[in-house]
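**Q** Mind looking at a prediction? Sequence and model below.
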Amino acid sequence: MQLDSLDLRFTRNEIIALEHKSLDRALSSEDLALLEEKTEGWAAGLILAFLSMSGRIDHSSFIESFTGNHRYVLDYLMDEVLLRQSEQLQSLLLQTSILDRFSALLAEAVTGNPHSSN
């Protein structure tokens with residue numbers, strides 16, 4: 001059996017259950033829908049959003065402005081994803097970050113390393 005990104009998304013009911021554990025008051029159905037869209041149902045994104053909303057009064061404005069550029073998202077990606085990679089992979093990711101799309105051939109062309117795809 002093969003899993004894809006749709007299989008890993010939280011359902012609306014799972015998002016609501018997580019919301020109830022994370023926030024002291026419920027979000028509107030519109031805010032939940034927008035948050036689901038912005039995080040693509042990704043559990044870590046939802047958790048980071050709920051952590052960021054804790055103690056805020058205006059959840060709607062926060063959700064409207066929530067992006068991958070938010071501090072908690074960037075901190076998470078740096079600490080839990082990027083910094084756990086080898087220096088070689090970090091260098092490859094930095095050098096190829098300018099690309100709009102990614103493939104082994106493009107990585108090799110940009111880095112000059114014929115083993116970039118390994």
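**A** Yep, it's here. What you see is a predicted model; the values in this text were computed from it and never measured.
**Q** Please report how far Arg25 lies from Phe50.
**A** Distance of Arg25 to Phe50, computed by C-beta to C-beta, to the nearest Å: 12 Å. The way it works is simple: take the backbone N, C-alpha and C, and place the C-beta from them, glycine included.
**Q** okay, these two: which has more neighbours?
**A** Set Arg25 next to Phe50 and count neighbours by other C-beta atoms under 10 Å: Phe50 wins out with 19 against 9.
**Q** Counting neighbours, what do you get for the closest residue to that one other than its chain neighbours?
**A** Once flanking residues are discounted, Phe50 sits nearest to Ser22: 3.6 Å by C-beta to C-beta, 6 or more residues apart in numbering. With neighbours defined by other C-beta under 10 Å, the count for Ser22 comes to 14.
**Q** Check Asp4 too.
**A** 7.
**Q** Quick check, pLDDT for the residue nearest the centre of the chain.
**A** Geometric centre of the chain, nearest residue: Gly45, 5.0 Å, by C-alpha atoms, centre = their mean. According to the prediction, Gly45 has pLDDT 85.
**Q** try Glu36
**A** pLDDT, Glu36: 93.
**Q** I'd like the mean pLDDT over stretch 90-109, please.
**A** Rounded mean pLDDT across stretch 90-109 is 85.
**Q** and the end-to-end length of it?
**A** One end of stretch 90-109 to the other measures 17 Å (C-alpha to C-alpha, to the nearest Å).
**Q** Flag every buried residue along it.
**A** 92, 96, 107 (16 or more other C-beta atoms under 10 Å).
**Q** check which helix or strand covers the last one.
**A** Using DSSP states H and E, Ala107 sits within helix 104-111.
**Q** What lies in contact with that helix?
**A** Helix 104-111 is contacted by residues 91-92, 95-96, 98-99, 113-114, 116-117 when judged by C-beta atoms under 8 Å, 6 or more residues apart in numbering.
**Q** Where does pLDDT dip in the protein?
**A** The model of the chain has pLDDT under 70 over residues 1, 3, 68-70, 72-74, 76-77, 80, 117-118.
**Q** what packs against the helix or strand harbouring Phe62?
**A** Applying DSSP H and E as the criterion places Phe62 in helix 59-65. For helix 59-65, the packing partners by 3 or more C-beta pairs under 8 Å, 6 or more residues apart in numbering; DSSP states H and E come out as helix 29-39, helix 43-53.
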